[in-house]
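Student: everything below, folded, please.
(chains A, B and C)
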Amino acid sequence: MIVKREKLNFWERLYLPALAGGLKVTATHLVNTLFKRGAVTMEYPEQKWTVPEGYRGAPYLVKDQDGATKCVSCQLCEFVCPPKAIKITPPGLAGQTADRANAEKMPLEFEINMLRCIFCGFCQEVCPEEAIFLMKDYSLTGTNRAEMIYNKEKLLELGGVHHDQIKKWEHKLDEAKEQEMFPVKD
Amino acid sequence: MDWFNHLNPDLQFVLLSAVKVLAVLFLALLPMVAYSVLAERKISAWIQDRVGPNRVALPLLSGIPFLGSFLTRLGIWQPIADGVKSFLKEDFTPDHVRKIYFWLAPAITLIPAFLTVAVIPFGSTLGAQKMVIADLNVGILYSFGIVSLGVYGIVLAGYASNSKYPFLGGIRSSAQMISYEIAMGMSVVSVFMLVGDLNLSKVIEYQAGTTLGFIPNWLVFKQPVAFVIFLVAAFAETNRLPFDLPESETELVGGYNTEYSSMKFALFFMGEYANMIVSSAMMVTLFFGGWTLPFFGLDQRAESAQWLTGLAHIGIFVAKMLVLMVVFIWVRWMLPRFRYDQLMDLGWRRFIPLALANILATAVVLFLLNK
Amino acid sequence: MQDILFYIFAALTLFFGFLVVVNPFSRNPVTSAMFLVLTIASLAGLFVLLNAFFLAAVQILVYAGAVMVLFLFVIMLMDIKEEERRRFKKFGVAMGLTAVAGLFGIVAKTIAESGVGAGLKPAFEGDTKTLGTALFSSGQFLLPFEIVSILLLVAMVGVILLSKKDLK
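Tutor: Next comes the predicted model:
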């Protein structure tokens, strides 16, 4: 396609009106920033960005409404994690049992390397227990690499308590009672 | 002051000149360089809807309620932090450079800018002293000569760095500065045809008073074409946008200063701003009446007893200069960079003929008026 | 004071002039060019001592500020390694010395014949106004001035002709 160049008239060729126009635009911005609207930027440490719903920030572990660990150490998230950021140490045969009644076990250690994590959300997607969620944290800082590997304690603390809407195990318990079969401990 | 009057006149002159040089350099020029960097950053921020530097706080001064935090938000202490930073950074000399020129180049860039200030009358009189370091009768030629030496710094930096981007920057700057020096010099000729003297104090005297009672007799109104050419050429001579081709970051990494770091880089940086200050001072002197204002009799030299008037004159000069500095900074954030052939075209095929025509027109008008 | 300054500037001019051509430390053309700039600057100092301020300023402005920058420009664009490698040739040195001796002889003869006097007055003071009047008055230097101008114009046209690739 050939775009026809329009012939410039005298004022356009003189360039000075265009200069004046440019000066006007920049001056307007200056006056607006100083006296009217203020800067459009945020001053970060004091003001923080509120992230939208569905934002995929750092993945943390959550506790259920009773304050018990939801993770059952199934290692699905470790398996699915594309950058292999998650490392789970299972409790082993003689290990610790879960701190809630309706689960068999919980991880002995659960580490996420935040330097490797790509915030894809696969772990949240794959988790059968809804124990890991991508929260709204976007500013993860540390002074060395070791600091950036978050352990179970830290992840649980950061994740906090998650109030489930569905309460899967309560539901299962009720169903079992109806059929008088008890797949889980009471 | 008694001991001073007993000295012989030669020694008195030397001492007074030394005092003037030190005062202008350390009380005016260097702080202005530092704070014009801050002004650049602040104004660019405001034009781009940002806040600009507002973090550096001094321990005690920032504790003053309201004022302290206000000054911090204004970034008043930023230049101090910048200065300390540039001293503390590693001064790295690459292995492949030509050492002597590499060390000389930053100094050669900075010194001409400082030398030019000598002939600019920055005030009328303070006490019995004329407020100009050297009242040469070829003042403008002197300053042009010295300014033309400034290009050596950049060319040598490009040559000494011994790598391709600085070299291209150096080559570009030498061609650019020579081209625009011609246009600049020619634009000034018409001004001096009106004034009839090359002494800058005489130029200011010529601009005192008003026409029709309210328009100042400033040469910007009598020689608008010369002023426009001078202004644009000043942008080119100081390597400011839209003519910053010697250091164009997008094409040449950093141009002639690519290989420099730490204080040597800071010297180049200071040189650019010192040049801006000097050319604004020059424009104020040539086109905006220097230290004069056409009102309240402020266009006459202060008597030796009128200390306040003398100080006011210096204030007027500095204020006019600051306005022009803001224009320098303002334009930088508005115009994109010229292409190199456009730059040369503008210099050689637009401005030089225009300046020649302006000289001719001025000559004709003067001839008809004097007939 | 004037005398001391004269000797200082004269010595500097000669010293830098020597370093332009026979620098024992470096055969780098850029170094030579930079010393030529210094020579020109000290020459301007001599002009100032003669009260020729205009000439001094123009000397710096034109020679140091413009011509030498172009020299530098050209030197930097050429391959300068060649010059650094080249050796002195006996024949060249001999011819050069002969030429210098001849020139020196002419200058010495002129000085000896004119007789050095302390009270030589310049034709006019180096003030811009008197210089301008002298250059542009028809009785004085107008004709030589115009001839030089035309010479420069011819040179300029010649350069453009030479550098144009195809002439129609």
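Student: for stretch B:310-330, the distance to its chain's centre please.
Tutor: Taking CA atoms, centre = their mean, to the nearest Å, one finds the center of stretch B:310-330 at 11 Å from the center of the full chain.
Student: buried set for it?
Tutor: Using 16 or more other CB atoms under 10 Å in any protein chain shown as the test for burial, stretch B:310-330 gives B:310, B:312-314, B:316-318, B:320-322, B:324-325, B:328-330. No exception for glycine: its C-beta is placed from N, CA and C like everyone else's.
Student: quick one: the helices in the chain, in order.
Tutor: With no chain named, the answer covers chain A. Secondary structure of chain A (DSSP state H): helices located at A:10-14, A:16-31, A:76-80, A:122-126, A:152-159, A:168-179.
Student: chain C was what I was after
Tutor: Here chain C has its helices, by DSSP H, at C:2-21, C:29-49, C:53-58, C:68-77, C:81-85, C:90-114, C:128-136, C:142-163.
Student: which residues are contacting stretch A:105-113?
Tutor: Residues from elsewhere that reach stretch A:105-113 (CB atoms under 8 Å, 6 or more residues apart in numbering or on different chains): A:59, A:61, A:69, A:71-73, A:85-92, A:95-99, A:148-152, A:155.
Student: are any of these buried, and which?
Tutor: Buried among those by 16+ other CB under 10 Å: A:59, A:61, A:69, A:71-73, A:85-88, A:90-91, A:98, A:148-150, A:152, A:155.
Student: what about the longest helix along chain B, near chain C?
Tutor: In chain B, ranked by residue count with DSSP H as the criterion, the top helix is helix B:164-195. Yes - against chain C, helix B:164-195 shows contacts by CB under 8 Å from any CB of the partner chain at B:Phe167, B:Gly170, B:Ile171, B:Ser174, B:Ala175, B:Met177, B:Ile178, B:Glu181, B:Gly185.
Student: just checking, the third one touches C:Leu77?
Tutor: Yes - B:Ile171 is within contact range of C:Leu77, at 7.4 Å (criterion: CB atoms under 8 Å).
Student: get me the contact residues on chain A for chain B.
Tutor: Residues of chain A lying near chain B by CB under 8 Å from any CB: A:19, A:22-23, A:25-27, A:29-30, A:32-34, A:37, A:39-41, A:43.
Student: and the two most separated of the residues you listed?
Tutor: The most widely separated members of the residues of chain A next to chain B are A:Leu19 and A:Glu43, with 33.4 Å between them, by CB to CB.
Student: so which residue is smack in the middle of chain A?
Tutor: The centre of chain A sits closest to A:Gly57, judged by CA atoms, centre = their mean, with a distance of 2.0 Å.
Student: how about chain C?
Tutor: Nearest to the geometric centre of chain C sits C:Ile40, at 6.7 Å (CA atoms, centre = their mean).
Student: that residue contacts C:Val62, doesn't it?
Tutor: No - at 9.4 Å, C:Ile40 does not count as touching C:Val62 under the criterion of CB under 8 Å.
Student: where in the stretch 1-150 of chain B is pLDDT low?
Tutor: Across the stretch 1-150 of chain B, the ranges flagged by pLDDT under 70 are B:1-2, B:4, B:62, B:127-128.
Student: typo on my end, chain A
Tutor: Scanning chain A with the threshold set as pLDDT under 70 gives A:181-186.
Student: if we can go back for a sec, least confident of the helices of chain C, on average?
Tutor: Per-stretch mean pLDDT for the helices of chain C is lowest at helix C:81-85 (a mean of 61).
Student: need the contact partners of the host helix or strand of B:Asn358.
Tutor: Under the criterion of DSSP states H and E, B:Asn358 resides in helix B:352-370. When contacts are defined by CB under 8 Å, 6+ apart, helix B:352-370 is touched by residues B:Ile182, B:Ala183, B:Met186, B:Ser187, B:Val189, B:Ser190, B:Met193, B:Leu194, B:Gln223, B:Val225, B:Ala226, B:Ile229.
Student: now do the buried residues in that helix.
Tutor: Buried residues in helix B:352-370, counting neighbours by 16+ other CB under 10 Å, are found at B:Ile352, B:Leu354, B:Ala355, B:Asn358, B:Ile359, B:Thr362.
Student: so how far is chain A from the second one?
Tutor: In this case it means B:Leu354. Distance, B:Leu354 to chain A, using CB to the nearest CB, to the nearest Å: 12 Å.
Student: let me see the contact set for residue 69.
Tutor: In the absence of a named chain, this looks at chain A. By CB under 8 Å, 6+ apart, A:Thr69 lies in contact with A:Leu61, A:Lys63, A:Ala98, A:Asp99, A:Arg100, A:Met106, A:Ala131, A:Leu156.
Student: the chain in question should be chain C.
Tutor: By CB under 8 Å, 6+ apart, the contact list for C:Val69 reads B:Ser148, B:Val151, B:Tyr152, B:Val155, B:Ser174, B:Met177, B:Ile178.
Student: the closest residue to B:Met131 other than its chain neighbours: what secondary structure?
Tutor: In space, and not counting its chain neighbours, B:Met131 is closest to B:Gly123: 3.2 Å by CB to CB, 6 or more residues apart in numbering or on different chains. Assigned with DSSP: H, G, I helix; E, B strand; the rest coil, B:Gly123 falls in the coil class.
Student: what is the burial count for B:Gly123?
Tutor: Counted with other CB atoms under 10 Å in any protein chain shown, residues neighbouring B:Gly123 total 23.
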